[in-house]
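Visitor: Quick check, what structure comes out for this input:
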Amino acid sequence: FYLHFQYICWFTFAIFGLLLHWLQKAGVYPPSRKMKVVFWLLTIGAVPGYFLSIIGFYSYQWIEVLSTIAVVTHFVAAFILFLIIIRSYKDINAVISKEMDILWKIATAAYFIKTAMQAAILVPSLATFAFSFRPLIIGYLHLVFLCFISFFLIGFLMHDQRIGIRSSPTAKWGLTLFIVFVLLNEVTLFWQSFCAYNSLYFNFFPSVLLWITVGMFVGLLLFVIGQRRFLRPRHQ
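Guide: Got it, this is the predicted structure:
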């Protein structure tokens with residue numbers, strides 16, 4: 001309950017609010033009517049979407065109906081967003097850096113994958129497995145919190161010149177390592193889940209995930225160390 005309303009409501013709406021704010025400052029104006037439709041679809045699906053988090057534990061028909069409503073509204077919203085992004089990409093790409101482009105492409109892909117995974121939970125066998133296998137749950141949460149939210153915010157702050165990598169090789173290497181190991185973390189968790197779903201179990205996954213976590217920490221540490229000039233007080 002807590003995580004659902006944190007990442008589906010608070011974080012997701014905050015991210016889209018920041019994105020719209022940035023687009024206006026950059027002189028890119030997505031169709032306001034379509035964005036309002038996206039907003040209301042996400043709003044309508046927010047509360048029913050909670051039941052996707054418990055559908056694997058209960059077989060009540062009303063839970064399935066509410067879960068289906070959430071999936072449909074989020075899918076339609078994602079489709080409209082996809083069309084808006086495709087049509088506005090040239091304008092957006094013209095005003096962002098290469099690093100920001102990479103971060104936001106990963107964040108965008110993560111959002112659409114998250115939406116697809118929500119829909120997959122409507123399949124009873126997948127729902128039962130998803131809620132009984134912790135690595136899959138962790139992979140899903142990391143997909144949202146790291147790939148979607150964190151990468152978007154890093155790109156946003158870089159464009160706002162609150163953080164950066166251009167004048168710091170340490171920060172550049174740190175961000176590169178962080179991105180690589182976050183993606184490796186996702187691939188490993190979902191690979192482990194795929195193997196388990198097919199009754200294949202390997203004992204090397206915990207060790208691999210441990211070293212990937214170390215890599216993520218080292219990358220993030222180097223990235224933070226490289227921000228020294230951005231952390232100095234700004235004089236008006």
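Visitor: Tell me how many other residues surround residue 92.
Guide: Number of residues near residue 92 (other Cβ atoms under 10 Å) recorded here: 18. All C-beta atoms are positioned from the backbone trio N, CA, C, and that covers glycine.
Visitor: Excluding chain neighbours, what is closest to it?
Guide: residue 28 (5.8 Å; Cβ to Cβ, 6 or more residues apart in numbering).
Visitor: That neighbour in helix, strand or coil?
Guide: Of the three states, residue 28 takes coil according to DSSP: H, G, I helix; E, B strand; the rest coil.
Visitor: where do the strands sit along this structure?
Guide: With strands called from DSSP state E, the chain shows none.
Visitor: so where's this protein uncertain?
Guide: 229-236 (pLDDT under 70).
Visitor: What separation is there between the closest residue in space to residue 93 that isn't next to it in sequence and residue 160?
Guide: The spatial neighbour of residue 93 that comes closest, neighbours along the chain excluded (Cβ to Cβ, 6+ apart), is residue 101 at 6.3 Å. Using Cβ to Cβ, to the nearest Å, residue 101 is found at 16 Å from residue 160.
Visitor: cool, and residue 68?
Guide: Residue 68 sits 39 Å away from residue 160, going by Cβ to Cβ.
Visitor: Also residue 208?
Guide: Distance, residue 208 to residue 160, by Cβ to Cβ: 36 Å.
Visitor: more crowded one of those two?
Guide: Each of residue 208 and residue 160 has its neighbours counted (other Cβ under 10 Å); residue 208 has more, 15 against 12.
Visitor: How about the one residue sitting closest to the centre of the chain: what's its closest non-neighbour residue?
Guide: Centroid-nearest residue in the chain, with Cα atoms, centre = their mean: residue 148, separated by 2.0 Å. Counting by Cβ to Cβ, 6+ apart, residue 148 lies nearest to residue 110, which is 4.1 Å off, once chain neighbours are set aside.
Visitor: That neighbour reaches residue 145, doesn't it?
Guide: No - shown here, residue 110 and residue 145 do not form a contact pair, counting by Cβ atoms under 8 Å, at 9.7 Å.
Visitor: okay, those two: which has more neighbours?
Guide: residue 110 (24 against 15).
Visitor: residues in contact with that one?
Guide: Residues counted as contacts of residue 110 (Cβ atoms under 8 Å, 6 or more residues apart in numbering) are 143-144, 147-148, 151.
Visitor: how many other residues sit next to residue 10?
Guide: Using other Cβ under 10 Å, residue 10 has 10 neighbouring residues.
Visitor: measure it to residue 2 for me?
Guide: Applying Cβ to Cβ to residue 10 and residue 2 gives a distance of 11 Å.
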